[in-house]
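In: Sharing a model that was predicted from the sequence below.
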Amino acid sequence: MNSQLLWLIPIIPFAGFLINGLAGRKFPRAVVSAIALTATLLPALLVTQLWMVMTAAGGPPLISISSVPWIAVSGFHVNFAFTVDHLTLVMLGVVTGVGFLIHIYSVGYMAHEEGYSRFFAYLNLFMFFMLVLVLASSFLLLFVGWEGVGLASYLLIGFYFKKDSAANAGKKAFIVNRIGDFGFLLAIFLLVAHYGTLNFDAIFAKIAASPLSGGFFTTVALLLVLGATGKSAQIPLYVWLPDAMEGPTPVSALIHAATMVTAGVYMIARCHVLFDHSPLAMTVVAVVGALTALFAATMGIVQHDIKRVLAYSTVSQLGYMFLACGVGAYSAGIFHLMTHAFFKGLLFLAAGSVIHALSGEQDLRFMGGLWKKIPITFWTMTAATFAISGVWPFAGFFSKDEILFQTFQSPNPLAKLLWLVGLVTAGMTSFYMFRLWFKTFFGESRFEQSSFAHASHGGDHAAVHARKNTHLTMEAELETAIHESPLVMTVPLMLLGVLSLVGGWVGIPAALGGNDAIGHFLDPVFGSAAAPAAQAVETASHGLELSLAAISLATAGLGIFVAWLFYYRKPGTGAEVARRFQPIYSLVYHKYWIDEIYGSFLVAPLLAFSRLIVGGLVEGGLVQGTGAGLAASARGSGWLVRHMQSGKIRSYAGWLAAGAAVVIVLALFIR
Amino acid sequence: MELVLFILFGLLAVAGALNLLFQRHPINSALSLVVVMMSLAVLYWSLGAEFLAAAQVIVYAGAIMVLFIFVVMLLNAGEEEETHGSKIAYIAGIPGAAAIFCLLSFVFLSERSRLGSTGLGGYLSGAVSNIAEISHTLFTTLLLPFEVTSILILIAILGAVVLARKEL
Amino acid sequence: MSTNLLTLLPELILTLTAVLVMLLEPLLAAGASRKPLGWLAILGSVGSGVAALYQLRAVHALGPLTGFYGTIQVDAFSIFFHLLIASIVVTTLLASLDYFPPDQVSHAGEYFALVLFGATGMMFMTSSVELLMVFIGLEISSISTYILAGFRKGRATASESALKYFLLGSFATAFFLYGIALCFGATGSTAIAAIGAGMAVTKTPLFGWLAVGMVLIGLGFKVSAAPFHVWTPDVYQGAPAPVVGLMSTAPKAAAFAVLLRFLFEAAPTDRHHWAPLIAILAVASMTIGNLGALLQSDAKRLLAYSSIAHAGYLLVAFTAPEPLAVSAACFYTAAYAAMNVGAFVVLTQLSGFSERLRTIDDLTGLALRRPGLSAFMAFFLLSLIGIPFTGGFFGKFYVFSAAVRSGYTWLAIVGLANSGLACFYYLRLLTALYARPTADTVGDSPTPRGISVPAGLALIATAAATLLLGILPNRILSLTQRAAPATVAQCPMQR
Amino acid sequence: MNFDPIILTLILVTPLAGAILLALIPEREDSSNGGESIDSKRHAIGALVITLLTLLLTLHLPAHFNYHAAPHTYQFEQNLPWISSPAIRYHLGVDGLSMWLIVLAGFLAPMGVLASWNAVQRRTRLFYTLFLLQQVAMLGIFVALDLFLYYGFWELSLVPMTLLIATFGRTENRRRAAIKFFLYAFIPSAILLVAILWLYNLTGTFDLPALQALAGAHQIAASPTALLLCSIAFLAAFAVKVPIFPLHGWLQDAVTEAPTAAVMVLAGKLGLYSILRFSFGIFADQSRHVAPLLIALGAIGIVYGSLIALIRTDLKKLAAFSTLAHVSFVVLGIFTFTVLGMDGGIFQILNESLIGAAFFLLLGLLYERYGTYEMRDYGGLAARHPWMATMFVVTSLAAVGLPMLNGFVGEFLILSGTMQSVVIHHVLWTTLGATGVIFGAGYMLWMIQRVFYGLPGVRTEEVQGWDLCGREHLELWPFAALFLIMGIASPLWMRAIDTYGAPTATANVPSGASPSAKITIQIHSAPAVADSSLARNSNITHLTDIRREVR
Amino acid sequence: MITVPIAYYLILAAILFCIGIAAFLIKRNVITIFMSIELMLNAVNLTFVAFAHLWRQISGQIFVFFVMVVAAAEAAVGLAIIIALFRARQTLNVDEVDLLRN
């Protein structure tokens, strides 16, 4: 394959963005979708070809390409340069594959929306930046993609910009991400200052050549982690992701589940050389990941909004990936990243299909009994739910297990604790996922109580969601209105459903009779140097691995059972428990008041500080005050001089006489 | 002799000046000024400036002061009222005047020994009279100022006419 | 032509024209226009300027000329000031041609004559090297300006203006005279060169210092340097606008010329004495002038304070050593004259004899009604601020560079900071010109739109001079630079 | 025909002649309106033609620029005697620093004319005459190589701007704002003049290359303290004009009042250019001496401007403080005396000018439609004006430094340079500067949200605006295109800038005095890293300390 | 013969000069103020004459002569101004002549 073709992979979506963005409003929707789909399909095909070239026997381990410089000053330059290695390849596959499917889905989902061309332009823009992100061969270009996807995310979250909550969510996402980027940038500056280059290979080579002591790496790595926590919605910067659900559902699927939010994981994996030199940073990553996983899972349990449940679940799963990276199991992290892309993408799309069917209703409390009405959605979602819950042989089982096993195995002093947290989280995951599953698809239909069912109530929202303008007042019409989505939406669901099942089979560990293909595939990236030792561990502990798998499977089963108990067998139990533990429930339901805490302990003080101290005291007092004070004193002196001018000749003579005396004194006595 | 003259007419001059200061009617002040001028004429004479002494009496006391008195009469000026127009004149002006006096006295006294003393009468050689000397200088080296003074007088006339002409 | 006559030529022409104007005046009918007399006066002053140029050729060929037993000396220095005074007079006369309203026209002839006589006195001041002659010149110029200040007869302010000027002026003259007397006491002579020579060897140096102080007081009054500036705002406010244009420039120029000659020729040995003194006076003048102007609303008063400040800037030049100081001061005088006369020509045109438009508020929005006039005014104001590519800037530049040269960097800093302060009031006026008119200002009053031809000529001349002094100062600079050595030539400098 | 020797004069003369020409073309008078002219486009058209012509002339420079000239030399020079004593010359020239700034000024002029096309309806003759004079002064500042000549243009630049603000200002406060602007700029300039005179007194020349040579060879005979004071006088005058915190007192008022075309060129480049050209050119050592202070002020200015922009609800005031933040970035960069910081800073001048200009242009368009700058009166415009919203977003993104747009390149280089420099607390300053990244996004996006998203506001409900018209597209697209091109093809510009930046950042260093020189070397040679690892470690402990503080 | 030190004459002149200044400051009547100026001029004249005696120089005396002439001219103009003022304002009190002021 001509390596120049690499350029095309991101540029084609960018062209799609430009065409649809500049002129899309004038095109019919079919043309817009055709352009957008082509712009995603072509890169996908290119990636396929790339995949074949590189995995073929004797294929190159990596393909690089570099252009004219992007930034060049004496002694420092950054080129536009792409490198494809196996890690990138996995990411490219996920991004283009899932991306393409979600594009297809969107054609159906967005069919009746205003701003159709705008939506696809943004999606293509996102694809462009995401591809730049994974292809980048330097920190700076990575950062380009990093910020770019943040921009696309901002634009897409705020897609329904007339709705204040959406506009707010978009802004929040961007700014919280910026806080992370701040760390990322500082890390980049430190790297520039030390190495004079930002090229991955060059820096990693230099690190390998002369490893400095840990302080520097810890600093850089921690700053990178800060960046990653922003993008991948980890503690403490996860707060934007649940709000990001204000965007259209395909966006949630693509950006906020499958691809963009995993960029942090990708970045850590990409910089593993750096992290390997800093045990402290690794521990931080692991702890942040584990805590986030647990923390988000608890919040997922009590949410009523279907998308928010999924959002917290995403945060939680990303925590898993962090955990994996934190214990050095990068390939496990990437593996989970991949499977998660399949099943979480699917979950969101299916949820979108449910919402679509219910004319925009997102609240679990108004769902129920849908499994017969929207069968394809139900079955595909079931596959995904099993996958995320880690039920064998669905994809999630293998990847999650790999992570838990690696964590348990890791030499980290906290390893066992982390494993336990992961395990508990796994149980909670299956619980809340099945809660969602039961509440949505089983039991009685509660849709008629929904505001979305009645035009009179839905008027406000209708103004916001044009799609929700379905004026359904009659009960009968209501029933017929719940319908399965069109084929253009269900086909991607089905494809992803299949992937949620089989996607994990590439990583079946040796203990279960597989050969951990994905792990080996990624070995060239994560260093085969460490591989033999890991191999030894692996072979030595097949038994351990099996027993751990069994424990986690049991935990998942427990979660499913409890969910069945609470939400199918005795539907009132959940509420009953909530009442029983009212304070705790309230705390969790309100997301631990974290948003409020941030609001009143960070944002409000900052604004107050700006208003009172900076704007008032310094700007008003010092800066303007000095000028005003000088002006006033000049004016005051002017007033005095005016007063000399009394108009009286004798006074003037008095001044003259006094002045004459002074002049004579000076004339006589100045030396 | 000279000292007597100096003390006598010096005191008279100072007294006249003070009287000018303290009299409230302009006529009285004008007459005091005439006294000062007369005394100064004597002092000029004692310093050997006979011509000036005469001119002082004729021009100054005789012509200029008459003009003053004429205007005082013309405008029917009465006694001054005690208006309080200016504090500055007292606060800054009088101390200033006093300071000037002190400074001048300081300078003159400190240079006193280098200045020497006067002798009564003309200091010029007896051969040429004071007036002859003056007229010689006036028509030779100081011819131009003498001529240009005519312009000055012309302007004064013109100005007086312009300003005092009663119309409009 | 005899040397004596040649040395007096410009003054002679002026005097004869003045006498002619004075004599012709009564011959004209009571209500008849006095413009022909004005043109005659202009002709005379142009003639004196030409005569000065003729002198320049002679000086160029022969070196400094002296006449009348050494009381008069014609050198580049005096010719420079002769030319300057002649130009100011021409401009003022041009601006005054249409100044008098029909019912006041009978005074016009005397006015022209007085202006010419005054100019004669000023010229004498600049070319005399004998203090007696200087004194008489000073008196001629003073008395004629006293009269001119009170020329808007019938207005209460006019006679008050004249009175203040006269009383305080005479008061200051007494100090000046005292200074001359002390010079005479210290050296036994009243000729500047002889004084200079005598000062170097005098037994009584205290007299010398005292004399310098006294002369400074007297001339400080004439140039309205603080603290002897108090008369300026009142007198300028009461005097007719064209006369203010004249008396804020020409007599000042002459007084500065005298001060230059006196300080650098009669008292060069005491430079270390009077230079700091002058610096202090300069600082006081700049500061008081600018501060006083800050709150002014009357345009003429404002320009009066500005003229105090400019006197301060000019005094800065005196701190420099001789050739530099003289040329800087000369240049500044010329630049200041050009822009200030220009500004007053505009004011004359605007408000006329009645001076209806006086305050800044009155002038608000002028640019809409009279864009041409306000453009000129804006230009002169910018020059007064000291914006580059105007005479005002180069003048300031030159003066302060002289100060820096002589080690008075602090003075330059104070001076330029002061010029910053000055912007405030100039800009207040300037921005008012270009602002939208408020209800009761010039905007609504039907003012005559046109500019009379002679006034237009005057405006163009002053604006051109201001601009040329800013962008092509070479000619005038070389003249001022030649003026400097001519004064030194007369006395051996001990520096 | 070879234009090179006279091209700079042509660039100056064209707008000057244009200004005179426009001043002579009469306005159509309308007596019913009190003599104010009503919207005759003849002056606007004339100004457009002249500015386009000027732009064309300025493009001659990049087309014929010699990238291989020796450092500290000038091109397209014209050097004629002007005044013999004092020795003042008409000396013009261009180097890598000024070339693109000249083109920038040339580019912004027609944009300013277009921005005023409908916004200025009255007194067009005065407006465009002043505008062109402003243009002359700006270009003059960039090309003058004689200190006197430069100072002339420097002060001259104040006048048209002041009058523009005073006459065409928006509120009743306009005259006050104009005077404030003038005084703030003029008083320090007066001190600058003293410094120039003092320097002339020492060296006998106003010629910049000559002074540079003298200073470079340490042949200015004055005490170090005096030279330092002199350099501070230079710097202070420029700093006010930039403005550098805390000397920005004039900015808000002037920006609030000034008409769009004027505000586009109000802040930033003139002062920054002057610092680079004169402070660094003549006072290289002294500038390094005060660099820590300026770096601190720059970093503080970034945060300060951003924080105030966060709380301002008047769009123009917000823009004023965002300008402060942006120019502070430049200040931070150039005073690091690293190649990265210097080049990035200069590049950022271009960015800042373009972004600021586009932003003000857009604000002007909003104002034309709705007659207010108060954010609270706006809302929900995105649906009505999609193109305008797009342009706002693009400009905002460029302003907050989104990669692939121009702002990023500059900010990245600047902060890298800061991190690289070894000025005291450099890590803290980098960190502070980088927080500007967060705050910048904060206020810009908040602004976008409040103006364009949500429901219509008070004002936007009443008035029906219109989306961009053809002329407005014509104004904005060049900006958008430049944002992108400069963001991805920065070397096109950087090549010239580097010919100035690299030698300036490294040269003239007194032996052993400036550690930044070592750093630059360190970039070139990797092994140096290991050698200096010890020093680095102490820095890193320091860094962690600071991070603790910051958190 | 008892001689008088010239310094005494000078001091006498200084006394008169300063009394003149004081009179200018204190008197309210314009005409009297004008007289006090004359007094100051006279004081200067005395100084001149004393110095002329000191230097044996006739020019000092001639200077005094010119001062007298000038004083006469000034008196003519000054009194005319005073008359004009009186006509316009009906007062000779300087404290009432303060229309021109800030």
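Out: Alright, I've got the coordinates.
In: Do a quick rundown of the helices in the stretch 401-550 of chain A.
Out: Here the stretch 401-550 of chain A has its helices, by DSSP state H, counting those that start in this stretch, at A:415-441, A:455-464, A:475-481, A:487-502, A:517-526, A:531-540, A:542-564.
In: go on, chain E?
Out: E:6-26, E:30-55, E:58-89 (DSSP state H).
In: likewise the stretch 151-300 of chain C?
Out: Under DSSP H, counting those that start in this stretch, the stretch 151-300 of chain C gives helices at C:156-187, C:192-201, C:205-222, C:231-238, C:241-247, C:250-261, C:271-294, C:299-317.
In: One more: chain B?
Out: B:2-22, B:26-46, B:50-55, B:65-74, B:88, B:94-110, B:112-115, B:130-139, B:143-164.
In: Run the contact check for the fourth one versus chain C.
Out: No: applying Cβ under 8 Å from any Cβ of the partner chain, one finds that helix B:65-74 is not in contact with chain C, the shortest distance being 13.5 Å. C-beta coordinates here come from the backbone N, C-alpha and C atoms, glycine included.
In: roughly how far out does the helix or strand just after that helix sit from the chain middle?
Out: Using DSSP states H and E, the helix or strand that follows helix B:65-74 in sequence is helix B:88. Its chain's C-alpha centre and that of helix B:88 lie 27 Å apart, by Cα atoms, centre = their mean, to the nearest Å.
In: Stretch C:235-254 now?
Out: With Cα atoms, centre = their mean, you get 8 Å for stretch C:235-254.
In: And chain D, is stretch A:22-41 touching that?
Out: Yes: interface with chain D: stretch A:22-41 contributes A:Arg25 (Cβ under 8 Å from any Cβ).
In: In that stretch, which residues are buried?
Out: A:24, A:27, A:29, A:32-33, A:35-41 (16 or more other Cβ atoms under 10 Å in any protein chain shown).
In: per-residue confidence averaged over the host helix or strand of D:Gly305?
Out: Per DSSP H and E, D:Gly305 falls inside helix D:284-311. For helix D:284-311, mean pLDDT rounds to 91.
In: Mind giving me the packing neighbours of that helix?
Out: Judged by 3 or more Cβ pairs under 8 Å, 6 or more residues apart in numbering or on different chains; DSSP states H and E, the packing partners of helix D:284-311 are helix A:604-608, helix D:224-241, helix D:315-334, helix D:426-452.
In: how about residue 30, what does it touch?
Out: Assuming you mean chain A. A:Ala30 makes contact with no residue, according to Cβ atoms under 8 Å, 6 or more residues apart in numbering or on different chains.
In: my bad, the chain I had in mind was chain E
Out: Residues counted as contacts of E:Val30 (Cβ under 8 Å, 6+ apart) are C:163, C:167, E:82, E:85, E:92-94, E:97.
In: Give the phi and psi angles for the residue lying closest to it once chain neighbours are set aside, as a check.
Out: Distance criterion Cβ to Cβ, 6 or more residues apart in numbering or on different chains; nearest residue to E:Val30, sequence neighbours excluded, is E:Leu92 at 4.9 Å. Main-chain torsions, E:Leu92, degrees, to the nearest 10: phi -120, psi 0.
In: Out of the buried residues of stretch A:22-41, which are close to chain B?
Out: Of those, not one also sits near chain B (Cβ under 8 Å from any Cβ).
In: name the helices or strands packed onto whichever helix or strand A:Ala384 is part of?
Out: Counting by DSSP H and E, the element that carries A:Ala384 is helix A:375-389. With contacts taken as 3+ Cβ pairs under 8 Å, 6+ apart, helix A:375-389 sits against helix A:330-357, helix A:395-409, helix A:415-441, helix A:487-502, helix A:542-564.
In: Can I get these in JSON lines including mean pLDDT and mean neighbour count?
Out: Below are the helices and strands packed on helix A:375-389 laid out as JSON lines (pLDDT from 0 to 100; neighbours: other Cβ atoms under 10 Å in any protein chain shown):
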{"stretch": "helix A:330-357", "mean pLDDT": "88", "mean neighbour count": "29"}
{"stretch": "helix A:395-409", "mean pLDDT": "87", "mean neighbour count": "28"}
{"stretch": "helix A:415-441", "mean pLDDT": "89", "mean neighbour count": "23"}
{"stretch": "helix A:487-502", "mean pLDDT": "86", "mean neighbour count": "21"}
{"stretch": "helix A:542-564", "mean pLDDT": "86", "mean neighbour count": "18"}
